[in-house]
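Q: next input, structure requested:
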Amino acid sequence: MNNSSAVLILDKVSKSYGNGLAVDEVSLSIRENEFFALLGPSGCGKTTLLRMLAGFETPSGGCIYLDGNDISPLPPNKRPLNLMFQSYALFPNMTVRKNIAYGLEMERLPELEIRRRVDEVLSTAQLGELAERKPDQLSGGQRQRVALARALVKRPRVLLLDEPLGALDKKLREKMQLELKRLQHESGITFIIVTHDQEEALVMSDRMAVLDGGKVCQCGSPTELYENPNSRFVANFIGVSNLLEGVRSGPHSVRVNGQELSVETDAPMVNGQAVAVVVRPERLQVLTEQGGDCANQVSGKIVEVAYHGLDTNLHVQTPLSDKPLIVRVPSSQFEFAHFAIDTTIRLGWQARHARVLTR
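A: Residues are numbered from 1 along each chain as shown. All right, here's what the predicted structure looks like:
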């Protein structure tokens, strides 16, 4: 990536506690007006990384550049970044308007300027009708929008969000994911969100970095990471994957449990090398006839049926692996009579839908 377009650059940033490394030489470039997600399991270092960006933790090594200036030594109040916590931390005795205005009042801005900026962000966050209410008169989603508005009104160069939707129920989370994306787009501010929720990151982010053990495993767009994971860890962490362990047997083939599978890959590998073939559940087809036009085919027995409303996941035991393959069937195509447990079906997939991994 061209660093000239970056608003924030992390250059080999590390953080150690005693003999342990929480963050291990992380280098990232985050662009102007970008929604960027730091994604990973608990303990992967993502929150520590966010706290170093905010100034609440000091890096053990490396530098953090904002607009070309090293901000690593600066305290939090000297950085043009705002960190929004999961708890929201609204003042219960203040109205929505007063909560949003508080930071500007502490900066002693002129009263007319404060009112203009607060009115502007009330409109952007769709909070105008709630301006005179107090936090205990608001829903969880409304309180979240107030906390966002309070952060946005100060016009930070970068807004940092630490699991901002963690306290919301599923339906409200899904609504607020779109709301966050809208607010980010309309404000033009770079957002960096920390989450362990892969679906949340896929929906909201322009790009994301997957972390594990304090290191960046892969960085790219949601489509890149989902369709082209670079490792077994990323393939398993982002979405649902069928991982088939085998060995490279030719330029476009992998042998899995004695069966040759067709793949498309330019990765440098040698015959006999241990690899994994990744096929996403939605790429598997249930074949209605023997044969079909799929390059790869296998028969198996349905061992579990998981109904999700919009689609149904079939768990199919095949000779390719001890672990059943997961097949996603849209509800419009699903008939319970055809897909009962212990029914034998035939699956197929195209060579271009199989990703080959070497690590």
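
Q: name the residues that touch the helix or strand hosting R51?
A: Element membership of R51, judged by DSSP states H and E, is helix 46-54. In this structure, residues lying in contact with helix 46-54 by Cβ atoms under 8 Å, 6 or more residues apart in numbering are 8, 10, 13, 15, 22-23, 26, 38-40, 57-59, 64, 76, 79, 81, 83, 158, 160, 162, 192, 194, 196, 211. In this view, the C-beta of every residue, glycine as well, is placed from N, C-alpha and C.

Q: can you say which of those are buried?
A: Taking 16 or more other Cβ atoms under 10 Å as the criterion, what is buried in the contacts of helix 46-54 is 8, 10, 13, 15, 22-23, 26, 38-40, 57, 59, 64, 79, 81, 83, 158, 160, 162, 192, 194, 196, 211.

Q: buried set for stretch 101-119?
A: 101, 104, 114, 117-118.

Q: turn these into a markdown table, columns for secondary structure and pLDDT.
A: A markdown table is the format used below for those (DSSP: H, G, I helix; E, B strand; the rest coil; pLDDT from 0 to 100):
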| residue | secondary structure | pLDDT |
| --- | --- | --- |
| A101 | helix | 92 |
| L104 | helix | 88 |
| I114 | helix | 90 |
| R117 | helix | 89 |
| V118 | helix | 91 |
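
Q: can you name the two of the residues you listed that are farthest apart?
A: Of all pairs drawn from the buried residues of stretch 101-119, the one with the largest separation by Cβ to Cβ is A101 and R117; the distance is 8.3 Å.

Q: which residues are in contact with each of the two?
A: Residues within reach of A101 and of R117 at once, by Cβ under 8 Å, 6+ apart, are V153.

Q: so what's G20 bridging to?
A: Beta-bridge partners recorded for G20 (DSSP bridges): Y17.

Q: closest one of the buried residues of stretch 101-119 to R248?
A: Within these, the smallest distance to R248 is 60.0 Å, found for R117 (Cβ to Cβ).

Q: skip the chain neighbours and tell me the closest residue to that closest one.
A: Nearest non-adjacent residue to R117, counting by Cβ to Cβ, 6 or more residues apart in numbering: V153, 5.4 Å away.

Q: so what's the residue count around that neighbour?
A: The criterion is other Cβ atoms under 10 Å. On that basis, V153 has 24 neighbouring residues.

Q: give the full set of residues in contact with it.
A: If you count contacts by Cβ under 8 Å, 6+ apart, V153 has them with 100-101, 103-104, 117-118, 120-121.

Q: apply 10 Å and report the result again.
A: Taking Cβ atoms under 10 Å, 6 or more residues apart in numbering as the definition of contact, the neighbours of V153 are 82, 99-104, 114, 117-118, 120-122, 124-125, 187.

Q: quickly check these for the two that are furthest apart.
A: For the contacts of V153, the maximum inter-member distance is 18.6 Å, found between Y102 and S187 (Cβ to Cβ).

Q: fine, thanks again, bye for now.
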